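Q: Give me coordinates for this.
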Amino acid sequence: MNHAVLDSPIGELTVVGDGDVVTGLYFPNHWTRPDRTAFGDRDDTAFPEASRQLKEYFAGQRTEFDVPMQAIGPDFDRAVWAEIASIPYGDTATYGDLARAVGGLPHEVGAAVGRNPLSILVACHRVVGKGGKLTGYAGGIRRKQFLLDLERPPASTLW
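A: Presented below is the predicted three-dimensional model:
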């Protein structure tokens, strides 16, 4: 295991993984951030492909990630994360939508969303409350709003 710390428009991001496989992407003060001792050695040159793709995403040049990644967790959580991964760039889904898809309750889905170890790469910021309300986000509501705004298509100009 090792990790790299990357600068981004929403603060430092810590990418954790084993070899080239990313197993975690965390914000400072992330709700479910594991103990740093589980991250292994710091090597800011590690995960160059993840770093490149994240830079492209923040520059508005990438809508999907294809870095090798593995989210480790219970079956229910992984089912929720798979549903999150299917939400298209620029779209949102509610906790209720995900609950119907995986056969759980919205509060169970919310807990699984909060445990997503691959923030941004598995875009849990696209999960919103009923009526589009912005609710909890492991990186904070301001970051969630920033990411949703980043993915929003530019307003068209009518001439």
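
Q: separation between the residue positioned nearest the centre of the chain and residue 108?
A: By CA atoms, centre = their mean, the chain has its centre lying nearest to residue 119, at 2.0 Å. Taking CB to CB, to the nearest Å as the criterion, residue 119 is separated from residue 108 by 19 Å. For the C-beta atoms, the positions are set from N, CA and C on the backbone; glycine is no exception.

Q: got it, and residue 69?
A: Look at residue 69 and residue 108: by CB to CB, they are 23 Å apart.

Q: Comparing these two, which residue is more hemmed in?
A: Legend: neighbour count by other CB atoms under 10 Å for residue 69 and residue 108, higher for residue 69 (20 against 17).

Q: Spit out the contact partners of that one.
A: Contact criterion CB atoms under 8 Å, 6 or more residues apart in numbering gives 17, 21-23, 118, 121-122 as the residues in contact with residue 69.

Q: in stretch 125-145, what's buried?
A: Applying a neighbour-count criterion of 16 or more other CB atoms under 10 Å, one finds 125-128, 137-140, 143-144 buried in stretch 125-145.

Q: ignore the last one, stretch 58-66
A: Buried positions in stretch 58-66, judged by neighbour count with 16+ other CB under 10 Å: 58, 65.

Q: Equivalent analysis for stretch 3-10, please.
A: Of all the residues in stretch 3-10, those buried under the rule 16+ other CB under 10 Å are 3-4, 6, 8, 10.

Q: Just the ones in helices from those, please.
A: Assigned to helices by DSSP state H, none of those qualify.

Q: export those residues to CSV and tack on pLDDT?
A: Rendered in CSV, the data for the buried residues of stretch 3-10 read as follows (pLDDT from 0 to 100):
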residue, pLDDT
3, 95
4, 96
6, 96
8, 96
10, 95
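
Q: now residue 119, nearest residue through space, not along the chain?
A: In space, not counting the residues next to it along the chain, residue 119 is nearest to residue 25; the distance is 5.1 Å by CB to CB, 6 or more residues apart in numbering.

Q: so that neighbour sits right up against residue 116, yeah?
A: No. Between residue 25 and residue 116 there is no contact under CB atoms under 8 Å: 9.2 Å.

Q: what two of the buried residues of stretch 125-145 have the greatest distance between them?
A: With distances taken as CB to CB, the most widely separated pair in these is 126 and 140, at 15.7 Å.
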